[in-house]
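Colleague: Need coordinates for the below:
(chains A, B, C and D)
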2 protein chains.
Amino acid sequence: MKRTSLKDIAEKLQLSQTTVSWVLTGNGDRRGISKATQDLVRNCAAEMNYQPNLIARSLNLGKTKTLGLIIPSISDFFYSSIAMEIEQTASKNGYSLMIASSESNPEKEENLLRTFRSKGVDGIIIAPTKKSKNEIKRLIKEKFPIVSFDRFFPDLEMSSIVIDNKESSYKLVRHLIRKGCKKIAVITTNPHLITMCSRVDGYKQDLEEAGIDINPDLIGCVTYDKYELNIINVLDAIFEKEADVDGFFFTTHILALEAFLYFNKKGINFNEKFGLACIHSVSTFEILAPYINVAEMPVKEIGEKSVNILLESIESKKKNRCGKTLQLGFALYPPL
Amino acid sequence: MKRTSLKDIAEKLQLSQTTVSWVLTGNGDRRGISKATQDLVRNCAAEMNYQPNLIARSLNLGKTKTLGLIIPSISDFFYSSIAMEIEQTASKNGYSLMIASSESNPEKEENLLRTFRSKGVDGIIIAPTKKSKNEIKRLIKEKFPIVSFDRFFPDLEMSSIVIDNKESSYKLVRHLIRKGCKKIAVITTNPHLITMCSRVDGYKQDLEEAGIDINPDLIGCVTYDKYELNIINVLDAIFEKEADVDGFFFTTHILALEAFLYFNKKGINFNEKFGLACIHSVSTFEILAPYINVAEMPVKEIGEKSVNILLESIESKKKNRCGKTLQLGFALYPPL
DNA sequence: CTGAAAGCGCTTACAG
DNA sequence: CTGAAAGCGCTTACAG
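Modeller: Model (predicted):
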């Protein structure tokens, strides 16, 4: 069954496509089309179950009312929460969302950027992997609307949502030190990302200020891929070399959860034994680690602002204002 | 900066658009275009950074190589896991994914169905809310490719991924009874969904077979909206009326997690006090509820099969075969 | 108050 | 081996 088009309605009503189009896009009054005709058109459209072909409209207008979102993983709770906020904010503004995971693979990411661009999304929100810069550069050169979050390139002039990673980490670890921890390990991942470096930098600054030597054996770096397996080796290594470790700072909540599973399996009463701190959290921390200190990511804000900044640059008919950077803060729990 | 089009390349090379198009779509050899010309075209395209406008192609071919996914919530771990599988399977087959949450709101869902259709997705995967049938019916009548998972309409002739909810629930609760539970509560939600009814039905069948009367006070139904708050009232009510409840069957892992938070806050040692069973799980159950019995959703299979069935019906040039229903099983842990 | 016509950027049947 | 032309279904400047 063929879908009904403007032409079908026009023919049936012996009107021009132009008139039908004006009415159905809500410009009937502005164009001074008689009420009678307007009603006729609208009724006929409803009767024939007319749904506009937005592909055709997009080709004509050069806009699709669709945004693209590229994240490392859709099922990661942090990213899926942000994806939800983004979709809701987009939806409120009349935009749909195309979503894809890069799986932290630079090549896949570049392909996704190209595909989204080719498919005509009006703008892209991305949590980029370090390496994939060429395609992003090209988009920036084209003045294509794009904004990054969670990760960013300081040398690229693009809009980004940035978070005070170093500062928050610094506060968290300082708190552990004040609570009396002498030997704090940091468990991190993706060391090529500035975001992660900043978190470890905050940790290092604390130790320095407290006059504690930085011990490389206490810095556990877990591969992003297969982290569930890899973290076991990382933790094994720490306990082997530094059996009297008394604190853990996790740079992501995923790492903390995996570590809890590890501790639990080994029969380690981690809540009594260690001072704990973590970037971001999930509600079950309440049971799993009631004394942990966390810096909560402003998920809702990140999602909303990403979309808002993007839409601003899409909808401002004037010159595209790239390079707008927004700095957001963590919320610390319990307040330190 | 205008994007380069086929025409630009054709003009620069003094060739026809036709030739350029044949070469760039990989049909140069088949059309017998000389190697020399082909190289010329490809080099020029690369040089000018040509990226095809897929909107134009879509308008012409009536295909967008894009699928639509509609789920109740993007950040719910169950749905985001499935979304990930779907995106990966789609991607492997050359399809992009548009995603949106219905928030279990039938009106929003109908709008999304219309929007996706208008935007020209080639097919839709949906976990539908009970009420929203009109738009789905219309799509089925149009022979538009659509498949549902997690939830379904037995009276509609559409492709669905169905799971043996009743059977798995039956096995889980039977196990609790065998372990000696006399007074088992069921905590559920969305009572209008067949999926949820089946789970409660499994529970009821167990009680009947065991000769236990069904006690409505032990059936706790949590609203989907604001479940975090509502579940507190539901549990309060159960403990008030049936203080000697000794088992809990949760029809979703979200409900179990919230209940654990509740128990924890009340200082109830739930692992010792209750027999526990749940549909689906998360890895932290290992720590939170080591003795719980779970029926694991075949997430990977659901995602993959949804896409495969959809693509079959999209790509089969012959008649559209709707109405294909696939039955999948749960995995029970520990095996009962 | 209404319409004829061009154009968005592709693909492809048809022609040579 | 290559090209002129129609068409996908809209929008909109222009004309009356």
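Colleague: Would you mind listing what in chain A touches DNA strand C?
Modeller: A:14-19, A:31-34, A:36-37, A:56, A:59-60, A:62 (CB under 7 Å from any atom of the strand). Placement of C-beta: from N, CA and C, glycine included.
Colleague: Around DNA strand D, which positions in chain A sit nearby?
Modeller: Residues of chain A lying near DNA strand D (CB under 7 Å from any atom of the strand): A:2-3, A:5-7, A:17-18, A:21-22, A:24-25, A:50, A:52-53, A:56-57, A:59-61.
Colleague: rewinding a little: most neighbours of all the residues of chain A next to DNA strand C, which one?
Modeller: A:T19 (21 neighbours; other CB atoms under 10 Å in any protein chain shown).
Colleague: Next, that residue: secondary structure please.
Modeller: helix (DSSP: H, G, I helix; E, B strand; the rest coil).
Colleague: Touching, it and A:A36? I think so.
Modeller: No - counting by CB atoms under 8 Å, A:T19 sits too far from A:A36 to count as a contact (11.9 Å).
Colleague: What is the strand or helix carrying A:R199 packed up against?
Modeller: Assessed by DSSP states H and E, A:R199 sits inside helix A:194-209. Judged by 3 or more CB pairs under 8 Å, 6 or more residues apart in numbering or on different chains; DSSP states H and E, helix A:194-209 is in contact with helix A:165-178, strand A:184-189.
Colleague: So what's the gap between the first one and the chain middle?
Modeller: Helix A:165-178 has its C-alpha centroid displaced from the chain centroid by 24 Å (CA atoms, centre = their mean, to the nearest Å).
Colleague: can you check stretch A:118-132 too?
Modeller: The answer for stretch A:118-132 is 11 Å, by CA atoms, centre = their mean.
Colleague: cool, and stretch A:228-237?
Modeller: 27 Å.
Colleague: swap in stretch A:6-20?
Modeller: Using CA atoms, centre = their mean, the offset of stretch A:6-20 from its chain centre is 45 Å.
Colleague: just stretch A:90-107 next, same as before
Modeller: The answer for stretch A:90-107 is 9 Å, by CA atoms, centre = their mean.
Colleague: Just the CA atoms of it, as PDB, please.
Modeller: Only the C-alpha atoms of stretch A:90-107 are listed here, as PDB (Å, rounded to 0.1, in the frame of the first residue of the first chain):
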ATOM      1  CA  ALA A  90      16.200  16.700  22.300                       C
ATOM      2  CA  SER A  91      12.700  15.300  22.200                       C
ATOM      3  CA  LYS A  92      11.300  18.400  24.000                       C
ATOM      4  CA  ASN A  93      12.900  20.500  21.400                       C
ATOM      5  CA  GLY A  94      11.400  18.500  18.500                       C
ATOM      6  CA  TYR A  95      14.600  16.500  17.700                       C
ATOM      7  CA  SER A  96      15.100  12.800  17.400                       C
ATOM      8  CA  LEU A  97      18.300  11.000  18.300                       C
ATOM      9  CA  MET A  98      20.500   8.600  16.500                       C
ATOM     10  CA  ILE A  99      22.800   6.800  18.900                       C
ATOM     11  CA  ALA A 100      25.800   4.600  18.400                       C
ATOM     12  CA  SER A 101      28.700   3.200  20.400                       C
ATOM     13  CA  SER A 102      32.200   3.700  19.400                       C
ATOM     14  CA  GLU A 103      33.400   1.000  21.800                       C
ATOM     15  CA  SER A 104      36.400   3.300  22.300                       C
ATOM     16  CA  ASN A 105      37.600   2.300  18.900                       C
ATOM     17  CA  PRO A 106      38.900   5.300  17.000                       C
ATOM     18  CA  GLU A 107      38.300   3.800  13.600                       C
END
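Colleague: quick one: it near chain B?
Modeller: Yes - using CB under 8 Å from any CB of the partner chain, stretch A:90-107 reaches chain B at A:S91, A:S96, A:L97, A:M98, A:I99, A:A100, A:S101.
Colleague: Of those, which is the most crowded?
Modeller: Going by other CB under 10 Å, A:I99 tops the residues of stretch A:90-107 next to chain B with 28 neighbours.
Colleague: tell me the phi and psi of that one?
Modeller: The phi/psi pair for A:I99 (degrees, to the nearest 10) reads phi -130, psi 150.
Colleague: again, but for A:I219
Modeller: Per degrees, to the nearest 10, the backbone of A:I219 is at phi -100, psi 100.
Colleague: any chance of the residues of stretch A:90-107 next to chain B in CSV, with pLDDT too?
Modeller: Converted to CSV, those look like this (pLDDT from 0 to 100):
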residue, pLDDT
A:S91, 96
A:S96, 96
A:L97, 97
A:M98, 97
A:I99, 97
A:A100, 97
A:S101, 96
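Colleague: A:C181 contacts A:G275, doesn't it?
Modeller: Yes - judged on CB under 8 Å, A:C181 makes contact with A:G275 at a distance of 4.2 Å.
Colleague: what is in contact with the two at once?
Modeller: A:D246, A:G247 (CB atoms under 8 Å, 6 or more residues apart in numbering or on different chains).
Colleague: hang on, the earlier thing: point out the most buried one among the helices and strands packed on helix A:194-209.
Modeller: Among those, strand A:184-189 has the highest mean neighbour count (mean count of other CB atoms under 10 Å in any protein chain shown), at a mean of 24.
Colleague: partners of it, with directions?
Modeller: Within its sheet, strand A:184-189 is paired with strand A:219-222 (parallel), strand A:247-250 (parallel), according to DSSP bridges.
Colleague: So for that strand, mean pLDDT?
Modeller: On average, the pLDDT along strand A:184-189 is 96.
Colleague: One more: stretch A:295-303?
Modeller: On average, stretch A:295-303 scores 92.
Colleague: can you check stretch A:264-283 too?
Modeller: 93.
Colleague: How far does it stretch from one end to the other?
Modeller: 18 Å (CA to CA, to the nearest Å).
Colleague: The closest residue to A:S5 other than its chain neighbours and A:S96: what is the separation?
Modeller: Nearest non-adjacent residue to A:S5, counting by CB to CB, 6 or more residues apart in numbering or on different chains: A:N53, 6.8 Å away. Distance of A:N53 to A:S96, computed by CB to CB, to the nearest Å: 15 Å.
Colleague: go on, A:S21?
Modeller: 22 Å.
Colleague: thinking again about what came up before, got JSON lines for the strands paired with strand A:184-189, with mean neighbour count too?
Modeller: Below are the strands paired with strand A:184-189 laid out as JSON lines (neighbours: other CB atoms under 10 Å in any protein chain shown):
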{"stretch": "strand A:219-222", "mean neighbour count": "20"}
{"stretch": "strand A:247-250", "mean neighbour count": "27"}
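Colleague: for those, which one sits closest to A:L172?
Modeller: Closest approach to A:L172 among those is made by strand A:247-250 (6.3 Å; CB to CB).
Colleague: Run the chain-centre distance for the closest one.
Modeller: 24 Å.
Colleague: so, in contact with chain B or not, the next helix or strand after that strand?
Modeller: Scanning forward in sequence from strand A:247-250 by DSSP H and E, the next helix or strand is helix A:253-266. Yes - interface with chain B: helix A:253-266 contributes A:L257, A:F260, A:L261, A:N264, A:K265 (CB under 8 Å from any CB).
Colleague: What subset of these is buried?
Modeller: Buried members of those, counted by 16 or more other CB atoms under 10 Å in any protein chain shown: A:L257, A:F260, A:L261, A:N264.
Colleague: Can you tell me which of those comes closest to B:K226?
Modeller: Distances from B:K226 to those, taken by CB to CB, are shortest for A:L257, at 25.5 Å.
Colleague: need the contact list for the residue nearest to the closest one when sequence neighbours are not counted.
Modeller: With CB to CB, 6+ apart as the criterion, A:L257 has its nearest non-adjacent residue at 6.2 Å, and that residue is B:T284. B:T284 is in contact with A:L257, A:F260, A:L261, A:T284, A:L288, counting by CB under 8 Å, 6+ apart.
Colleague: That concludes my questions; thank you for your assistance.
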